[in-house]
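Peer 1: any chance you can model this:
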Amino acid sequence: MKDHTNVITAYVGTVMKAWFQYRVDAVLRSLAVFLRESTGVIAIWFALLKFDTLNDWNMQEMLFLFSLLFLTYGVMILFFTGLRDFGWTVRTGGFDRFLLRPRGVLFQLIFVDADWFAAIGHGGLGLVLFIFTAGRVGIHWDAATVLYYMLAVAGGVLIQGAIFLFLATLNIYLLETGSLKEVFYWNARKFAGYPVSIFHKAVQVFMIYVVPFAFVNYFPSQYLLRKPDMQQFPEIFLYLTPFVGVGMYLLAYLFWRYSLRHYKSSGN
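Peer 2: Here you go, the predicted structure:
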């Protein structure tokens, strides 16, 4: 355990030095990510200035919904940057280096890199939105709700990490999965910025059972806000985010372990 801790500390220290060696550039790039992601929030802001509510969700509640989406991504990308960029690692033959080292392959991929600019930009935006809305949406914050919120964030991180792990594993077979990642992560994530109840039934099925982004922010928000559109869905969904996260990640990990046996180097 101590050996693993020392390796993790060395990895994290090296990665942080690499990302922050040019401090002004690091600040500006993090700010650029923050401002880029803010555009979607600003669009919702102006839309609700005109329409007041979206399926009975007011502006503050919509921003709270966004806060969970950005905050969980900001935490997740600190651990899963290597999986996000895994296709490039396989295509260039760089994955072979990980296989030769005396450490678990997934362990290395998780700690060998971390996109700090995305983490600060997304996570910072999520934190700002949370601070701005947490006291304005009628949530009674006590020990139970704080614990639920922490578990929901952890579950949301694992759900997104599991999606990245599953898509990364497909690179072992397909080499290039950029289009799949666009459909099953980035486009699905765009839907997650809105209450899933406003979408067609087919989209709801996709967001709940196929790529369960609804458990990243919609159902946790519903637990805390109790909006009337929750009547469309089983009440048990309010409590499942941590379990969905753990279950998805275990399934993705088993798929990863099985697929490593079929890896063939692509060369360089």
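
Peer 1: mind checking the longest helix of this structure?
Peer 2: Counting residues, the longest helix found in the chain (DSSP state H) is helix 143-174.

Peer 1: now do the following helix or strand past that one: which elements does it pack against?
Peer 2: Counting by DSSP states H and E, the next helix or strand C-terminal to helix 143-174 is helix 178-181. The contact analysis (3 or more C-beta pairs under 8 Å, 6 or more residues apart in numbering; DSSP states H and E) places helix 178-181 against helix 143-174. In this view, the C-beta of every residue, glycine as well, is placed from N, C-alpha and C.

Peer 1: buried residues in the helix it packs on, which are they?
Peer 2: Of the residues in helix 143-174, those scored as buried under the neighbour-count criterion (16 or more other C-beta atoms under 10 Å) are 148-149, 151-172.

Peer 1: residue 127 against residue 73, yeah?
Peer 2: No: Residue 127 is not in contact with residue 73 according to C-beta atoms under 8 Å; the separation is 12.0 Å.

Peer 1: who's more crowded, the two?
Peer 2: Shown here are residue 127 and residue 73; by other C-beta atoms under 10 Å, residue 73 has more neighbours (23 against 15).

Peer 1: contacts only, for the more buried one.
Peer 2: Under the criterion of C-beta atoms under 8 Å, 6 or more residues apart in numbering, the contact partners of residue 73 comprise 118, 122-123, 126, 160, 189.

Peer 1: what's the spacing between it and residue 239?
Peer 2: Between residue 73 and residue 239 the computed distance is 22 Å (C-beta to C-beta, to the nearest Å).

Peer 1: and for residue 108?
Peer 2: Relative to residue 239, residue 108 is positioned 35 Å away (criterion: C-beta to C-beta).

Peer 1: and if you look at residue 126?
Peer 2: Going from residue 126 to residue 239 by C-beta to C-beta gives 22 Å.

Peer 1: of those two, who's got more company?
Peer 2: The residue with more neighbours, out of residue 126 and residue 239, is residue 126; 23 against 14, by other C-beta under 10 Å.
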